[in-house]
Every structure is written in structure tokens, then in C-alpha cells.
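*Asks:* build the 3D model from these lines:
(4 chains)
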Protein chains: 2
Amino acid sequence: MVTLKDISIECGVSQATVSKALNGLPDIGEETANYIRSVAKRMGYLPNATARALKLGSSHNIGILFVDKTSCGLKHEYFSEILNSLKVEAERLGYDVTFISKDIGQFSMDYYQHAKYRNCDGVVIASVDFKDPDVIRLVESEIPTVTLDYTFDSRTSVLSDNVGGMQEIVRYVYQNGHRRIAFIHGEDTSVTQKRIASFFKTCTELGIRVPESYVCAAIYHDPRSSGLATRNLLALPERPTCILYPDDFSFIGGMNELEQQGLSIPDDMSVVGYDGILLSQVLRPKLTTFRQDAETMGRKAAALLIEQIEKPKSWIPQLITVSGELLEGHSVKSIRI
Amino acid sequence: MVTLKDISIECGVSQATVSKALNGLPDIGEETANYIRSVAKRMGYLPNATARALKLGSSHNIGILFVDKTSCGLKHEYFSEILNSLKVEAERLGYDVTFISKDIGQFSMDYYQHAKYRNCDGVVIASVDFKDPDVIRLVESEIPTVTLDYTFDSRTSVLSDNVGGMQEIVRYVYQNGHRRIAFIHGEDTSVTQKRIASFFKTCTELGIRVPESYVCAAIYHDPRSSGLATRNLLALPERPTCILYPDDFSFIGGMNELEQQGLSIPDDMSVVGYDGILLSQVLRPKLTTFRQDAETMGRKAAALLIEQIEKPKSWIPQLITVSGELLEGHSVKSIRI
DNA sequence: AAGTAAAACTTAAACGTTTACGATAAACAC
DNA sequence: GTGTTTATCGTAAACGTTTAAGTTTTACTT
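*Replies:* Numbering: from 1, shown residues only, chains lettered A, B, ... in the order given. Sure, this is the predicted structure:
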């Protein structure tokens, strides 16, 4: 490994001069600087991120928190898309991305300790239990953080527009003549709460009455529970004409249930998904769904975190809401009223 | 941040003593060591991975190479599952995981340089163009590597059993009475080549004649191209009775095509997927497919890489083949001959 | 010509560890 | 009592950077 010292010897100058020349500091003569740079290049010099981090106290490395407990963390296309764009943007800005977890090796540490241990300049928190005391400790620490789809007081977060998304869906369905709209939602999270609230609010605005039995719970990303919920809805004396699913993948459960009962989509039942994953666009009939802009969310999260890292003084916490778009498929029938 | 120095002052001993006590070296008195450890705990001491890495020349950090060009890198459940188990296993063994890429910030570097820059102890290479000169440079460097689903000379790799998988599929289909078996394969990669070779070999062993038109190309993870290939197969004068798809997700394209032509699965056409992703198990009829054990692959890759890192002297390159299992669904009809 | 300022470069300390080597004292052998 | 071993702890250098402060040389000002 070629170091500053090697170059300094080769050039006949001091290490400091080499360092300053390579970093473009102003107090090195142009001639000398160019010469040093050329020698560095010839010798194949690479800066040592570790030494730099030790000296500067900043590692140019950000942590990412994905919990694997649900085991659908990374598997979910929404999150893997976020992760990918986050990584790309961070790298564009000169930062690497490292996973943060509890319990690294024999050491047992919490997220905050892990981030400190690795000298992470900041952490993006996604897909975790936000009630976890360890998560809260990290968020309340001095380490810059950005949370995804959850907001802590005085902290920056990037949110998918769940309120707007649900509103658009309900309005779209309403415009297509539906008045008996059921909503199968996911397990109780802040995202779910927002969608439920927006669902009721929009229905009220439109003057739609929503029977209690039309709103039922399932589990995200679990077609079985959504299938079950679908069956219950179909058994109702007054069937809905349209069912909103917690996510596109869960809809598969509903699809199977409908098919089994000999009902066709959208003629006998209209359906809407959520997420806009690849699958939704290749199903026949194409699924009408609300596409969350995961790419933008990951990019924004990285950009905001790094901005916060680089100007910590003047930083004011931000709440960024990333809007999505309704992807119109052929799963909602237009019915005359 | 509390350092060894702080503890040494508090305890009235030297830094060296503290370091040795915390690392459990034998030349510190038991009494002193216990005292130092208790003080360290009380003061909330955390080792500094950066300083340690600089001193020891090993960062306890491994790199992971995922290319995003195809943009289906992380999105593919197969890879996200590998990534997840790789991460979990690495952390269990005391290593963190960092993404490696070209071009970090304003610096333009190749994979090898990036890995050196970050002091990665080793790199797992997955889902990339293995012909890329930059990848080859990395593999041929002194940095320990493990490749996934591709083998370089004298290098360790973890392979999914594509040969065995295809063999099992063909045999299963054969046992169910099929003799006219078509195979839609993915784009030309070493994985594809293995599957094609195994397909032909197994067919030959079983005495099945395979018309040239039965083997056609599509693109992995792309239902459209598989749909097109399906259409071509259906237009053949002598239709196959069973179609093997490049992967489960691509099969959706075939499913749509079959449905559109009024053909039902498996009565009018038998189908088999590949991968065993979640989707395959919730489709109706359930898709018969070959499940790749991505969890084991990621785990093995991490374990092998770390073993290689920790005993580089005695290391002999290994080729590990991870076998999968046939998941029998209801998409293959048993026909009498 | 004397003083000041700017430019170009060096010295040396610091970041937080680890570890080879040295030092001290107690314990032991004879 | 002398010499040797052993246990325990300290000293100091090293890993590869960055940077404040100092030094020398040159140029400029009046």
C-alpha cells in the first residue's frame, strides 16, 4: 500500500506538502502540486479512509437500519427499492453505506453504540419497530438521523404520502360509481393509521357511509390474511362493490378467493392495491394501485441526511412528504349509479 | 467520547494496561483487569472501530458487490434474501457489511480501489457482470473474495445447484407423463448455460427428443418476454404439453398469455417456474417450481469469506454448491401416456 | 533600506488504538 | 544470598492521515 510518506520520499518533500497538494489546499505551489499529483497517480496512491476517519472524526459512511425480524424487510420491493436509491445517492455524494444492527459478533450493543463504534456520520432508519427503546435512543442521540415513514419530534423524516394516496384511491373509486367500498388494512402501524384516517375522512367528504364491517384488518404482505378478510367481506349480507387491499402482494390472496368463488375482476368485484410493485403491472387484469415513489424516498433520505451531516449547525428538521401516483389498471369497473 | 486514555486516568494505570485488560490479554492481574472492566462499563466505553482498523490493518468489515445497472439487482427476491442472510451471518461473526461500487463521490475508482479505500477485509460478489474488467481485477487481487453463482479459477464461490435443479424439474415433469417439454430460458449467462446443458442432458437420458423450437430465449424477471415466448410456443404445429419458465416472476407473462388464449393451467398446459419466491406459493394453482436456497447461499458466502479472511495462509479455494428443492404445486398435470 | 506581507514549505502533534519491549518486584531454586 | 523465573505493568512507537504553528524565502511597500 502506497502512503503519503512514500510519495513524499519520492518527491523529496514533506508528508504535509503531499497531503495538502492532493487535497488542493491553497498554500502549495502550482508546479509542486502538479508534480506531486502526477507522482501519486503514477504510484497508484489511494487515500486511506480509515486513517482519514480517525483524524477527521468523520467517516463519510452512513448507517442504514433495516430490521430483519419481520423477515420481509428487505424482501419487500418497496424497501429494496428505497435501499437501492439510497445507496446510489449516498455514493454519488461520496458516502458509503453500512448496515447497522444490534449484536455485532460477541459484543452486544444497541443501534446507537453500533453506529458510534463504526463512526457513522449519520443513520437512515427504515422498516423497524419505532417503539423499540433502542431505536428511540438512537434517534434522541447526537447522531444525525432520517426516519422513513415515521416522524419523531424535532427530527427529519421522509414520508410516503399515505394520506394523499388513500384519498386519491377513494376518489377514483367513487368517480367510477362505487359507494360500497371496503378497506382491508395492514397491522397497526403509523402508516396504517394514516391510511385508515384518510379513508374515513375522504369517504365522509364524499358522503359515503362506511359500515363498520367494511373495514377489517389483515397483515401486510400476507396474501393468506387478506384472502381470509376477503372471504369475510364476501359473506356480508350487503357486499361491497370494491375492495381496497393493504398492498399489491396481499391482493393475490384476495384474487384467489374471488376466483374460487367464481367472481371475476372487475365485473363482479372491483379491487385496488397499494405500492405499485412490478407485479401489479403484469397481472391481468392490470391492478389499479397507488404507486409509492420509493426511488425518490431513498434518494431524498440520503440527500437530507448528508446535508444534515455537512451543516449540522444550521440544520432545521424537515418533514418531507413524497407523493406517489395512481396507476390506473383495469381492476376497477365503472358502474352506473 | 470516552477513550482508553480516559479510563487509564480514572483507573490510575497506563493506556496499555487498559487495552490489554479489555482485550483479555493474559499479562494483566485478574484484580486489576476486573476493576478496569468495571470502570470501562461504568463510563460507557466503546471501542473505536476506526482506530482499531488503522492499527490492525483489518477493519472487520466486508464489502458486498451488487450492481444496480440491471435495476433488478436488489429488487429480485432471490438477491435480497441472499443479502439479508449474508448480513445476518456476517454480523454474527463480528463483521459489518458495506456496499462497494464504482465512483464514490468525486473520486472515480474501480471496485478494487473502493474496497482498498474502505479497508474491506473481503468482498462478496453477487449479481454483476462477471466479464467486467473491474470485477476481474478485484477477483484477481489479494483481497479475499467469494463469488455467487459464478466461478473464477482458484477462487471460492457459492453456487446454486442449477444443474441438479433443472434435472429434478425435467425428471418430475417426465414422471408426470410429459414428453413434449419446452424450455424458455433467460439471457445468456453462466447460470443459463448450466440450466440449458442440464435440460438437454436430462432429456437425452430420459430419451426425450427436444425440437429446436422448444428451447427459446427470454429475459429473466421480464414477464413480457416470457409471454412472447409462450405465444410462439403455442403457435407451434406440435405444441408442447409443458413449459418450463426462466423464473417464477417471468411465468406471470406466460400465465397471462395462456389465459388470454383460453387455456387453463394445468389442464391445457403444464408449467414450471424457478426460484421458489413467495409469489409462486400463493398463486392459484400453486406453481410447481424449484426453490433456490438463497438463505443458505448468503450465509455460506459470508461464512466462507470470513473463514478465508481469518486464516488466509491455509486457505484452499472451495466450490460450494447449495442444493435446492422441488416445490410441488398444482401447475403440472399428470397425463397418462 | 527597513519593515511588512505573502507564498511555499516543514515540523510536529494529534486522532484512538495495539503491541513489542523494557522495567519492576515478588517468588523461587540452589 | 545470589541468580533465575514469573507475573504484572509501563513506555513508546506505530498505523496513515490532517493541520496548526513555525520557518524560510521572496516580493512588495513606503
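*Asks:* residues from chain A in reach of DNA strand D?
*Replies:* Of all the residues in chain A, those in contact range of DNA strand D (Cβ under 7 Å from any atom of the strand) are A:1, A:3-5, A:15-16, A:19-20, A:22-23, A:45-48, A:51-52, A:54-56. C-beta coordinates here come from the backbone N, C-alpha and C atoms, glycine included.
*Asks:* those, buried ones only, as a ChimeraX selection?
*Replies:* Below is the selection syntax for ChimeraX that covers the buried ones among the residues of chain A next to DNA strand D, with 16 or more other Cβ atoms under 10 Å in any protein chain shown defining burial:
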select /A:3,4,19,20,22,45,46,47,48,51,52,54
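*Asks:* the helices in the stretch 101-250 of chain A, which residues?
*Replies:* Remark: helices assigned in the stretch 101-250 of chain A by DSSP state H, counting those that start in this stretch are A:111-117, A:133-139, A:162-175, A:190-206, A:223-234, A:248-260.
*Asks:* dump these to CSV, plus distance to chain B, mean neighbour count and mean pLDDT.
*Replies:* Supplementary listing: the helices of the stretch 101-250 of chain A in CSV, determined by distance: least, Cβ to the nearest Cβ, whole Å; neighbours: other Cβ atoms under 10 Å in any protein chain shown; pLDDT from 0 to 100:
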stretch, distance to chain B, mean neighbour count, mean pLDDT
helix A:111-117, 5, 23, 95
helix A:133-139, 12, 17, 95
helix A:162-175, 21, 20, 98
helix A:190-206, 20, 17, 97
helix A:223-234, 4, 21, 98
helix A:248-260, 4, 23, 97
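*Asks:* out of those, flag the one nearest B:Leu233.
*Replies:* The stretch from the helices of the stretch 101-250 of chain A with the least distance to B:Leu233 (Cβ to Cβ) is helix A:248-260; that distance is 24.7 Å.
*Asks:* would you check that A:Ala53 makes contact with B:Asn48?
*Replies:* No. The pair A:Ala53 and B:Asn48 fails to qualify as a contact (Cβ atoms under 8 Å) at a distance of 9.6 Å.
*Asks:* mutual contacts of these two, please.
*Replies:* Between them, A:Ala53 and B:Asn48 share the neighbouring residues A:Asn119, with contact defined by Cβ atoms under 8 Å, 6 or more residues apart in numbering or on different chains.
*Asks:* quick one, grab the pLDDT at the residue nearest in space to the middle of chain A.
*Replies:* Centroid-nearest residue in chain A, with Cα atoms, centre = their mean: A:Ile82, separated by 4.4 Å. In this prediction, A:Ile82 carries a pLDDT score of 93.
*Asks:* OK, contacts around it?
*Replies:* Neighbouring residues of A:Ile82 by Cβ under 8 Å, 6+ apart: A:126, A:148, A:294-295, A:297-298, A:301.
*Asks:* could you work out the most separated pair of the residues you listed?
*Replies:* Pairwise over those, using Cβ to Cβ, the maximum falls at A:Ala126 and A:Glu295, 14.0 Å.
*Asks:* more neighbours: which of those two?
*Replies:* Applying other Cβ atoms under 10 Å in any protein chain shown to A:Ala126 and A:Glu295 shows that A:Ala126 carries more neighbours, namely 24 against 17.
*Asks:* list the contacts of that one.
*Replies:* With contacts taken as Cβ under 8 Å, 6+ apart, A:Ala126 has the following neighbours: A:64-66, A:79, A:82-83, A:147-149, A:301.
*Asks:* pull the number of nearby residues for the closest residue in space to A:Tyr78 that isn't next to it in sequence.
*Replies:* Nearest residue to A:Tyr78 in three dimensions, chain neighbours excluded: A:Ala294, at 5.2 Å (Cβ to Cβ, 6 or more residues apart in numbering or on different chains). Number of residues near A:Ala294 (other Cβ under 10 Å) recorded here: 26.
*Asks:* cool, and A:Glu307?
*Replies:* 18.
*Asks:* which of the helices or strands spans it?
*Replies:* Here A:Glu307 is covered by helix A:294-310, with elements defined by DSSP states H and E.
*Asks:* hey, C-alpha coordinates of that helix in CSV?
*Replies:* Listed in CSV are the C-alpha atoms of helix A:294-310, where the atom choice follows Å, rounded to 0.1, in the frame of the first residue of the first chain:
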residue,chain,number,x,y,z
ALA,A,294,-39.7,4.6,-3.3
GLU,A,295,-36.9,5.7,-5.6
THR,A,296,-37.4,9.3,-4.6
MET,A,297,-37.8,8.4,-1.0
GLY,A,298,-34.5,6.7,-0.8
ARG,A,299,-32.8,9.4,-2.7
LYS,A,300,-34.3,12.2,-0.5
ALA,A,301,-33.4,10.3,2.6
ALA,A,302,-29.8,10.1,1.7
ALA,A,303,-29.6,13.7,0.5
LEU,A,304,-31.2,15.1,3.6
LEU,A,305,-29.1,13.0,5.9
ILE,A,306,-25.9,14.1,4.2
GLU,A,307,-27.0,17.7,4.1
GLN,A,308,-27.6,17.5,7.8
ILE,A,309,-24.3,15.9,8.4
GLU,A,310,-22.4,18.5,6.5
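*Asks:* how close does A:Met269 sit to A:Phe251?
*Replies:* Spatial separation of A:Met269 from A:Phe251 under the definition Cβ to Cβ, to the nearest Å is 11 Å.
*Asks:* could you do A:Asp188 as well?
*Replies:* In this view, A:Asp188 and A:Phe251 are 20 Å apart by Cβ to Cβ.
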